[in-house]
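Asks: what's the 3D shape of this:
(one chain, ligands or ions: 2)
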Amino acid sequence: MSKNNGSLLTHLECVACGAEYSAEELQTVCRNEDCKSILSAQYDFTANTLTKEELQRRPATMWRYREFLPVYDSENIVTLGEGFTPIIPLNSFGKATGEATGKAIGEVTGEATGKRIGQPHVFYKDESLNPTCSFKARGLSAAVSKAKELGVRETVIPTAGNAGGALAAYSAKAGIKAHIYMPKQTPNAFKTEVLFFGAELREVNGNISDCGKLSNTEAAVHGWFDVSTLKEPYRLEGKKTMGYEIAEQFGWVLPDVILYPTGGGTGLIGIWKAFRELEQLGWIHGKRPRMVAVQSDSCNGIHLAFQNNESSSTFKDKGITIANGLRVPKPYADKVILKVLRESQGNSVSVNDSAILESLREIALREGSLWAPEGAALWHAFKILSQSGWIADNETVLLLNTGNAYKYLPFDS
Ligand SMILES: *Cc1c(COP(=O)(O)O)cnc(C)c1O
Ligand SMILES: [Zn+2]
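Replies: Residues are numbered from 1 along each chain as shown. Ligands and ions are numbered 1, 2, ... in the order given. All right, here's what the predicted structure looks like:
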């Protein structure tokens, strides 16, 4: 580990039983047979010397937080410019309309005052501007970088589309061979891009769980490294950078509510982890946001478990949805997702495809942006929660638009 990058990573820890694992070798999930829970990267925040001021002078990618990311040697960072996406006020809600200044608050202006930028406001963070057009880029930039550092030659992933594209792109950049398992019904653009990136594509008759069963078997046979959602610890680290950015871009005062389209839940868990870390750094104080998991009616096991006060979810798959990324019948980290929702005094909403499409049209018309169906689901969920009074008019709300619709077009295929 020659060129030290300043990473404060010390080890990994199981979120359920607390078992500790080395960060100097490849890890997957907890090896304790009756645990198998997800591993969470741990850092020595007491050794941090980075200041908020210094941070503002850094490049506008997620690697600006490199001390709190898992790569030791800077030569191993595989980057395509992911992260530091803008946070944009929505025309359509709250009293933002008259006050919007036209200035994206995502810009590093050096004038962050710690005050909220105008309120009440409803904003979205535009993750569609990431490489390969979704926030999956963050997780896979981190995972592929760490895999490269630990000597991985071939990777494998079951994917609804966006994660496969991101894995293929970062693997191409890293010189690593990627194997992608994708449902046959996935829109064409998702398949085409992975082929351009030189990955091997396997089309599977079934959903992402079926892809996972196959890829799991093949991975064991060929010795490929499996980067499935949360069975690999560092995609979570990439996605947590959304939480760091939200804090930084809002001037270190967090919004009241964050809506997140929940598939495997990596982003939700990651953002929550980021807030805890930022508190350890002493960079944020006070109340954390209420986290809302938004799901598709097609796969809404988290929603049902949350509403029924259960601590784990059951397998739910009612078939195809246009929000591919939300078709996860049983998230591996369901218990952790539900814990975050409860800890944050959050909520859950389930949305059907016709509401998603209608929202997508409305957003395009009013906001000039073609959101991924997963993101568009949040628009509908926001309306439900604000109409019911669960979100008050004076609250600051952030919708995470996780991708863009272009790869899904046309929606009838
Ligand atoms: C994968 C994906 C999601 C779900 O993300 P998780 O981290 O699995 O919860 C949401 N939106 C888009 C566009 C996705 O690709
Ligand atoms: Zn464990």
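
Asks: Please state the backbone phi and psi of the residue in the stretch 1-150 of the chain positioned nearest to ligand 1?
Replies: Nearest residue of the stretch 1-150 of the chain to ligand 1: S134, at 4.7 Å (C-beta to the nearest ligand atom). For the C-beta atoms, the positions are set from N, CA and C on the backbone; glycine is no exception. Dihedral pair for S134: phi -160, psi 170, per degrees, to the nearest 10.

Asks: Could you give the secondary structure assignment for K383?
Replies: helix (DSSP: H, G, I helix; E, B strand; the rest coil).

Asks: Run a quick neighbour tally on it.
Replies: 17 (other C-beta atoms under 10 Å).

Asks: Could you tell me how far the residue nearest in space to the middle of the chain is located from ligand 2?
Replies: The centroid of the chain falls nearest to G267 when counting by C-alpha atoms, centre = their mean (3.0 Å). Per C-beta to the ion, to the nearest Å, G267 is found 22 Å from ligand 2.

Asks: Could you do S348 as well?
Replies: 26 Å.

Asks: what about that residue, helix or strand, and which?
Replies: Using DSSP states H and E, S348 maps to strand 347-351.

Asks: what do you get for A219?
Replies: helix 208-222.

Asks: With only the CA atoms kept, save that helix in CSV.
Replies: C-alpha atoms of helix 208-222 as CSV (Å, rounded to 0.1, in the frame of the first residue of the first chain):
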residue,chain,number,x,y,z
ILE,A,208,-33.2,-10.2,-10.1
SER,A,209,-33.5,-13.0,-7.5
ASP,A,210,-33.3,-15.6,-10.3
CYS,A,211,-30.2,-13.7,-11.7
GLY,A,212,-28.7,-13.8,-8.2
LYS,A,213,-29.1,-17.6,-7.9
LEU,A,214,-27.4,-18.2,-11.2
SER,A,215,-24.6,-15.7,-10.8
ASN,A,216,-24.0,-17.1,-7.3
THR,A,217,-23.4,-20.6,-8.6
GLU,A,218,-21.2,-19.4,-11.5
ALA,A,219,-19.2,-17.2,-9.2
ALA,A,220,-18.3,-20.1,-7.0
VAL,A,221,-17.4,-22.3,-10.0
HIS,A,222,-15.1,-19.7,-11.7
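
Asks: So the residue nearest to the centre of the chain belongs to a helix, correct?
Replies: Yes - judged by three-state DSSP, G267 forms part of a helix.

Asks: Checking S312 next. Helix, strand or coil?
Replies: Per three-state DSSP, S312 ends up coil.

Asks: so it makes contact with F306?
Replies: No - contact criterion C-beta atoms under 8 Å: S312 and F306 do not qualify, at 10.9 Å.

Asks: Tell me which of those two has more neighbours.
Replies: With neighbours defined as other C-beta under 10 Å, S312 and F306 compare such that F306 has more, 24 against 13.

Asks: got the contact list for that one?
Replies: Taking C-beta atoms under 8 Å, 6 or more residues apart in numbering, we find F306 in contact with 293, 338, 341-342, 347-348.

Asks: what about 7 Å?
Replies: Contact analysis of F306 by C-beta atoms under 7 Å, 6 or more residues apart in numbering lists 293, 338, 341, 348.

Asks: quick one: the second one from I363, how far?
Replies: So that's L338. Using C-beta to C-beta, to the nearest Å, one obtains 28 Å as the distance from L338 to I363.

Asks: Go ahead and report the secondary structure state at L399.
Replies: strand.

Asks: That one bridge partners, please.
Replies: In this entry, L399 is beta-bridged to Y124, L259, by DSSP bridges.

Asks: does it really touch L378, like I thought?
Replies: Yes - the pair L399 / L378 is scored as a contact, 4.4 Å apart, by C-beta atoms under 7 Å.

Asks: where do the contact lists of those two overlap?
Replies: Here L399 and L378 have L259 as joint contacts, going by C-beta under 7 Å, 6+ apart.

Asks: ok, back up a step: now, which of the contacts of F306 lie close to ligand 1?
Replies: With the criterion set as C-beta under 6 Å from any ligand atom, no member of the contacts of F306 is near ligand 1.

Asks: Give me the distance between stretch 73-87 and the centre of its chain.
Replies: 14 Å (C-alpha atoms, centre = their mean, to the nearest Å).

Asks: Can you get me the start-to-end distance on it?
Replies: 31 Å (C-alpha to C-alpha, to the nearest Å).

Asks: hang on, the earlier thing: which parts of the helix holding A219 are buried?
Replies: Buried residues in helix 208-222, counted by 16 or more other C-beta atoms under 10 Å: 208-212, 215-216, 219.

Asks: after that helix comes which helix or strand?
Replies: strand 225-226.

Asks: which element follows that following strand toward the C-terminus?
Replies: Taking DSSP H and E, what comes next after strand 225-226 is helix 235-249.

Asks: Name the surrounding residues that touch that following helix.
Replies: Counting by C-beta under 7 Å, 6+ apart, 41, 62, 65, 69-70, 83-84, 87, 105-106, 125, 135, 138-143, 227, 229-230, 254, 266-267, 269-271, 273-275, 278, 283-284, 398, 400 sit against helix 235-249.

Asks: average pLDDT across it?
Replies: Computed over helix 235-249, the mean pLDDT rounds to 98.

Asks: I'd like the numbering to begin with 2 instead of 1 from here.
Replies: Shifting the count to begin at 2 puts that one at helix 236-250.
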